[in-house]
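J.: When you get a sec, could you give me coordinates for this:
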Amino acid sequence: MKLAEYRQIITHIEGQNRRCSRSALNDVLEKFISLGSYDTLFSIFLNYIQKRVRVTFSSKTKSESSKYYYQLYKDMVNDKFVADEQSHVLVHLSNRFEIPPSLMARIIIEQFLQDQTDAEGNESMNIKDPDTQISVCDQLTNTRASAKNLELSALNPVPSKQVISSWLKDPYLITDGILREQVLQCISYDVCYGPINDAIRHSVGLEFELKLRDFVNGLKLPFLDENDLRKRGYDKTPDIKLEVPIVVHGQPVCWIESKASFGDLETHNEYLRGQYLSYWNRFGPGLVIYWFGFIDEIFEEMKRQGMLTMDRFPNTDEITFMSP
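T.: Numbers count the residues shown, from 1 in each chain. Predicted coordinates:
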């Protein structure tokens with residue numbers, strides 16, 4: 001893809017009012033389908049949203065902000081923002097504050113659990129003596145109550161990340177019916193984050209790794225995979241390390257890396273520094289396959305680095321086989 005075309009797509013995404021929404025993705029697919037496949041455009045959209053979230057999420061989720069979102073959530077639910085049980089309160093807040101729905105759900109779950117923890121602590125502090133009807137919290141010399149409160153505080157000072165993650169992965173564990181429905185809506189509506197999207201991306205990544213293996217096996221090329229290389233003590237491991245190198249378009253290829261994504265300049269440069277140059281130093285020149293396409297300028301840059309970039313596995317007539 002030409003850099004100008006890529007920038008045109010990004011400019012359009014940036015101009016959307018609700019950039020994290022499914023409607024924004026659908027708009028991009030409808031407008032730019034002539035420039036790339038569904039997978040290509042979705043990958044461009046996903047990369048943009050995730051980069052933006054990495055930059056802005058920390059500032060948007062400070063303690064005061066999270067408490068503000070939670071208070072808004074409670075107010076909107078109590079005011080019956082929409083009069084039926086299907087009211088999309090969290091999705092509305094997600095769009096309003098440009099936070100992906102699943103991440104907004106995580107914030108609200110954390111605040112809900114903190115609210116419960118605080119309520120349990122307050123309840124333990126206000127146990128009434130049945131004879132005197134004096135609050136235990138007023139009896140400052142009552143060492144047993146003080147010890148119990150300290151124990152509660154030490155055991156559960158903040159909501160457990162494991163509990164938050166388990167509620168997101170299985171919302172039917174959520175004890176509050178309204179919150180459960182809202183989280184389910186967020187997971188269903190989110191196009192970039194959440195357990196459904198995580199599972200899809202993981203499956204797609206495995207699918208193309210297996211596709212790469214099938215091509216290599218079909219050519220009867222001996223190779224080592226990531227597990228084989230780790231057993232040999234390598235910390236940086238490409239998907240395929242060829243035991244006998246091949247030559248593609250005059251370029252030696254000693255290893256092949258599969259990326260089930262679109263290669264934009266920023267993402268590619270991160271991979272180049274974190275992975276590809278390490279592979280080159282350990283194993284020699286190689287091939288990176290961006291299955292959903294890449295910016296044209298990446299090809300020449302990688303060639304200068306002694307590596308090859310393609311959006312598919314090379315055809316047999318493009319390969320020169322070496323005799324061991």
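J.: can we go C-alpha only for contacts and neighbour counts from here?
T.: Noted.
J.: where do the strands sit along the protein?
T.: Here the chain has its strands, by DSSP state E, at 223-225, 240-248, 251-259, 287-290, 308-310, 319-321.
J.: R106: which of the ones you listed is closest?
T.: Comparing the strands of the chain by their distance to R106 (CA to CA), the top pick is strand 251-259, with 28.5 Å.
J.: Return the angle between stretch directions for the closest one and strand 240-248.
T.: 130 degrees (axes from the mean of the first three to the mean of the last three CA atoms, to 10 degrees).
J.: quick one: strand 251-259 to chain centroid distance?
T.: Counting by CA atoms, centre = their mean, to the nearest Å, strand 251-259 is centred 26 Å from the centre of its parent chain.
J.: Could you do stretch 194-201 as well?
T.: Relative to its parent chain, stretch 194-201 has a centroid offset of 8 Å by CA atoms, centre = their mean.
J.: If you count neighbours, what's buried in it?
T.: Going by neighbour count (16 or more other CA atoms under 10 Å), the buried part of stretch 194-201 is 194-195, 201.
J.: Would you mind confirming that L29 is in contact with Y38?
T.: Yes: if you go by CA atoms under 8 Å, L29 and Y38 touch, sitting 6.7 Å apart.
J.: re the thing from before, how about the strands of the chain, which one is nearest L272?
T.: strand 287-290 (10.1 Å).
J.: As CSV, could you dump the C-alpha coordinates of that closest one?
T.: C-alpha atoms of strand 287-290 as CSV (Å, rounded to 0.1, in the frame of the first residue of the first chain):
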residue,chain,number,x,y,z
LEU,A,287,12.1,-13.0,5.2
VAL,A,288,9.2,-11.2,7.0
ILE,A,289,5.7,-11.9,5.7
TYR,A,290,3.0,-9.3,6.6
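J.: Below-threshold pLDDT in the chain: ranges please.
T.: The chain contains residues with pLDDT under 70 at 80-86, 119-159, 324.
J.: Which residue ranges of it form helices?
T.: 3-14, 22-32, 38-60, 63-78, 89-97, 101-125, 143-155, 161-169, 177-189, 195-218, 226-231, 265-271, 277-283, 296-304 (DSSP state H).
J.: Between those, which one is closest to R312.
T.: With CA to CA as the criterion, R312 lies closest to helix 195-218 of the helices of the chain, at 9.2 Å.
J.: would CSV of the helices of the chain with distance to C254 be doable?
T.: Formatted as CSV, the helices of the chain follow (distance: least, CA to CA, whole Å):
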stretch, distance to C254
helix 3-14, 29
helix 22-32, 36
helix 38-60, 27
helix 63-78, 49
helix 89-97, 46
helix 101-125, 40
helix 143-155, 53
helix 161-169, 40
helix 177-189, 41
helix 195-218, 12
helix 226-231, 14
helix 265-271, 18
helix 277-283, 6
helix 296-304, 15
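J.: my guess is R106 contacts I164, does it?
T.: Yes: in this structure, R106 is within contact of I164 by CA under 8 Å, at 6.8 Å.
J.: where's the one residue sitting closest to the centre of the chain relative to F262, distance?
T.: Centroid-nearest residue in the chain, with CA atoms, centre = their mean: Y193, separated by 5.3 Å. When distance is defined by CA to CA, to the nearest Å, Y193 is 17 Å away from F262.
J.: Kindly report the same for L229.
T.: According to CA to CA, L229 stands 26 Å off from F262.
J.: again with N47
T.: 8 Å.
J.: How about the backbone phi and psi for R19?
T.: Dihedral angles phi and psi of R19 (degrees, to the nearest 10) take the values phi -70, psi -20.
J.: and the nearest residue to it once chain neighbours are set aside, what is it in contact with?
T.: In space, and not counting its chain neighbours, R19 is closest to I13: 6.4 Å by CA to CA, 6 or more residues apart in numbering. Shown here is I13, whose contacts under the criterion CA atoms under 8 Å, 6 or more residues apart in numbering are 19, 24, 28, 45.
J.: Contacts only, for the last one.
T.: Neighbour list for F45: 10, 13, 25 [criterion: CA under 8 Å, 6+ apart].
J.: ok now do the first one, which residues does it touch?
T.: By CA under 8 Å, 6+ apart, the contact list for I10 reads 45, 48.
J.: what about G274, how many neighbours?
T.: Using other CA atoms under 10 Å, G274 has 12 other residues around it.
J.: can you check the one 4 residues further on too?
T.: Residue neighbour count, defined by other CA under 10 Å, stands at 17 for S278.
J.: Next, find the distance separating it from N227.
T.: Going from S278 to N227 by CA to CA gives 17 Å.
J.: Good, wrapping up.
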